[in-house]
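J.: Sequence first, predicted model second:
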Amino acid sequence: MRGNVIFAGQGELLEMKELLNEYLNPLFQLLNYNLFALGNARITPLSILYIIVLIIGLFYLSSKLRSILLARLLTRTRLDRGAQQAIGTLIRYVVLFVGLLIIFQTVGIDLTTLNVLAGAVGIGVGFGLQNIANNFISGLIILIERPIKVGDRVEVNDVRGDIVSIGARSTTVRSNDNIHIIVPNSKFISENVTNWSLGGGMVRFKIPVGVSYDVDLDLVTRVLLEIAEENDEVLETPPPSIRLTELGASALTFELRAWTSERLNRPGLFASDLNFEIVRRFRKHGIEMPFPQRDIHIKSQPSKSTA
């Protein structure tokens with residue numbers, strides 16, 4: 001009786017195995033279908049799926065490696081934040097390049113057989129992908145030469161803000177309104193870029209002030225210097241200075257020149273604070289700040305007499 005049960009169980013297993021083979025064989029045949037050949041390598045749907053999974057894993061691991069380097073290793077060095085970001089990004093690119101070579105080799109693709117494909121890609125880059133290639137190469141130049149870095153205050157075209165990240169294709173700039181602006185890397189190479197942080201974190205502001213021709217010039221100079229010297233954000237060295245820059249049609253134009261390292265990320269606020277104080281002090285000392293005036297003379301013509 002027991003033997004009959006065993007034989008019955010084996011029969012059911014054989015039937016299940018045959019049923020699985022009936023459904024799985026077409027799937028295996030589809031996955032191993034020879035799509036095309038690259039040299040001695042047979043490219044099948046299974047190999048393509050294998051490559052995709054490995055590439056996704058490679059990008060994930062390279063991103064994790066960059067994060068670990070920045071958080072645990074590079075932060076212990078004396079390098080500034082921008083240099084740490086640049087080194088981490090370059091290491092990630094190297095890992096991606098080497099990893100892709102290893103993936104193609106494990107699949108059995110001889111890279112020498114990709115010369116024709118590389119030539120075709122080169123033609124595509126020369127025509128349709130030249131902007132992408134330009135931005136990628138510009139990103140490498142930025143990471144190597146470091147004209148800008150993460151944390152810098154920059155102005156390019158109409159974009160003003162702090163650099164948050166530098167990627168392979170674009171750079172993210174955050175404005176004072178907390179708006180993130182994506183700028184192509186080529187803009188930082190081909191356009192004129194103002195980097196407020198590049199010169200050691202110290203910038204001179206020039207605040208123009210117009211006064212009446214009748215005022216005491218020494219009084220204006222003394223008041224402007226007092227305003228600058230009493231401002232906590234103005235540096236003592238180099239000291240602030242005053243210049244008479246223009247003899248205008250309706251006003252004398254002075255210029256208050258003050259150095260600061262505190263308000264590089266908010267230059268408009270620094271200038272606004274000084275302007276507020278200038279208006280208050282000038283009103284206190286009776287210093288007139290004229291505005292353009294025009295006199296309109298209406299000339300009436302005699303009316304014609306009727307006969």
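T.: Thanks, I have it. Numbers count the residues shown, from 1 in each chain.

J.: Only C-alpha atoms from now on, for both contacts and neighbour counts.
T.: Noted.

J.: need the contact list for the most centrally placed residue in the chain.
T.: By Cα atoms, centre = their mean, the mean C-alpha position of the chain lies nearest to residue 171, the distance being 2.3 Å. Shown here is residue 171, whose contacts under the criterion Cα atoms under 8 Å, 6 or more residues apart in numbering are 163, 164, 165, 182, 183, 184, 185.

J.: Now go through those residues and say which are in strands.
T.: Among the contacts of residue 171, the ones falling in strands (DSSP state E) are 163, 164, 165, 182, 183, 184.

J.: List buried residues within these.
T.: Restricting the ones in strands among the contacts of residue 171 to buried positions leaves 163, 164, 165, 183, 184, with burial counted as 16 or more other Cα atoms under 10 Å.

J.: For the stretch 101-250 of the chain, which segments count as strands?
T.: Remark: strands assigned in the stretch 101-250 of the chain by DSSP state E, counting those that start in this stretch are 153-156, 159-166, 170-174, 180-184, 193-195, 203-211, 241-247.

J.: okay, these, which one's buried deepest?
T.: Among the strands of the stretch 101-250 of the chain, the stretch with the highest mean neighbour count (mean count of other Cα atoms under 10 Å) is strand 170-174, at a mean of 22.

J.: Now that strand - C-alpha only, CSV.
T.: Output in CSV follows, covering the C-alpha atoms of strand 170-174 (Å, rounded to 0.1, in the frame of the first residue of the first chain):
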residue,chain,number,x,y,z
SER,A,170,24.3,70.9,-15.2
THR,A,171,24.9,72.9,-12.1
THR,A,172,22.1,73.7,-9.6
VAL,A,173,22.0,77.3,-8.2
ARG,A,174,19.7,78.3,-5.3
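
J.: Give the partner strands of that strand in its sheet and their orientations.
T.: Taking DSSP bridges as the criterion, strand 170-174 forms sheet pairs with strand 159-166 (antiparallel), strand 180-184 (antiparallel).

J.: Which of the contacts of residue 171 sits closest to residue 285?
T.: residue 163 (42.9 Å; Cα to Cα).

J.: what is that closest one paired to in the beta sheet?
T.: When assigned by DSSP bridges, residue 163 has beta-bridge partners residue 173.

J.: doesn't residue 49 make contact with residue 107?
T.: No. The pair residue 107 and residue 49 does not pass the contact test of Cα atoms under 8 Å, sitting 10.9 Å apart.

J.: Have a look at those two and say which one is more surrounded.
T.: The neighbour count for residue 107 versus residue 49, taken as other Cα atoms under 10 Å, is higher for residue 107 (15 against 12).

J.: Pull out the buried residues from stretch 140-149.
T.: Residues 140, 141, 142, 143, 148, 149 are the ones in stretch 140-149 that count as buried (16+ other Cα under 10 Å).

J.: meant to ask about stretch 214-224, not that
T.: Using 16+ other Cα under 10 Å as the burial criterion, the residues of stretch 214-224 that qualify are 220, 221, 223, 224.

J.: go on, stretch 94-104?
T.: The neighbour-count criterion (16+ other Cα under 10 Å) identifies 95, 96, 99, 100, 103 as the buried residues of stretch 94-104.

J.: Out of these, the closest to residue 178 would be?
T.: For residue 178, the closest of the buried residues of stretch 94-104 turns out to be residue 96, at 32.2 Å, with distances computed as Cα to Cα.

J.: angle of the helix or strand harbouring that closest one against strand 159-166?
T.: According to DSSP states H and E, residue 96 maps onto helix 81-107. Between helix 81-107 and strand 159-166, the angle comes out at 50 degrees (axes from the mean of the first three to the mean of the last three Cα atoms, to 10 degrees).
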